[in-house]
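Visitor: Have a look at this prediction, sequence included:
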Amino acid sequence: MAEPKKIAFLVDTEGIEQVELTDPWQHVEKAGAVPRLLAPRLGQVRAFDHLTPADSFDVDVPFAHADPDDYDGVVIPGGVANADFLRMDRDAVRFVVQHVAAGKPIASICHGPWLLVEADVVRGKALTSFPSLATDIRNAGGQWDDAEVSVCAKGGWTLVTSRKPDDLPAFNREAVKAFGLQGS
């Protein structure tokens, strides 16, 4: 029997939009994969319901020790503070660059694409995000569209993106599909 696929969820230590972490996580688990929480350091990370502190989650692997070869896909949840801090983490950026170079899929929602912009991997890709990122994405060579979900396979790897928590049903469906998992 084949080993289950592992999906890396990339977050910073705080400011993660909780539902954009927990909802895709549950769909990945239901589809038979193993989600793993990656962050700058071991310990716990703090999620938020918009600007209100919410639950804490245990980190599985710090970015500095994470090997992209160990993962079949990546999810990048949003949250303004989460995404802003995340894009400044060199190990997180390195992880994304190596993951893309290996041709593996990434699903990113809301402000999460800021990390993709920082990693310089959106050039030539069609994607969506929270609307405030549109100029950043265009300046980085991406084609931004205001859509519930965008799936782009250009450049040898698949990118699934959505704008906000309301888009999670479409985001989860397309992410699970991009990861080669059975829908949940």
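Guide: Received the coordinates, thanks.

Visitor: Just list the residues touching the closest residue to Cys152 other than its chain neighbours, thanks.
Guide: Leaving out its chain neighbours, the residue that sits closest to Cys152 by Cβ to Cβ, 6 or more residues apart in numbering is Ala126, at 4.4 Å. The C-beta positions use only the backbone N, C-alpha and C, and glycine is treated the same way. Residues in contact with Ala126, defined by Cβ atoms under 8 Å, 6 or more residues apart in numbering, are 142-143, 145, 150, 152, 154.

Visitor: now swap in Thr161 and tell me
Guide: 107-109, 112-113, 127-129, 149-150, 152, 171.

Visitor: repeat that with 7 Å
Guide: Thr161 is in contact with 108-109, 113, 127-129, 150, counting by Cβ atoms under 7 Å, 6 or more residues apart in numbering.

Visitor: same deal with Ala107?
Guide: So Ala107 contacts 24, 75, 160, 171, 175, 178 (Cβ under 7 Å, 6+ apart).

Visitor: For the spatially most central residue of the chain, give its distance to Val45.
Guide: Centroid check for the chain by Cα atoms, centre = their mean gives Ile76 as the closest residue, at 1.6 Å. Distance, Ile76 to Val45, by Cβ to Cβ, to the nearest Å: 14 Å.

Visitor: How about Ala178?
Guide: Ala178 is 24 Å from Val45, by Cβ to Cβ.

Visitor: the more surrounded of the two?
Guide: Taking other Cβ atoms under 10 Å, Ala178 and Val45 do not tie; Val45 has more neighbours (23 against 19).
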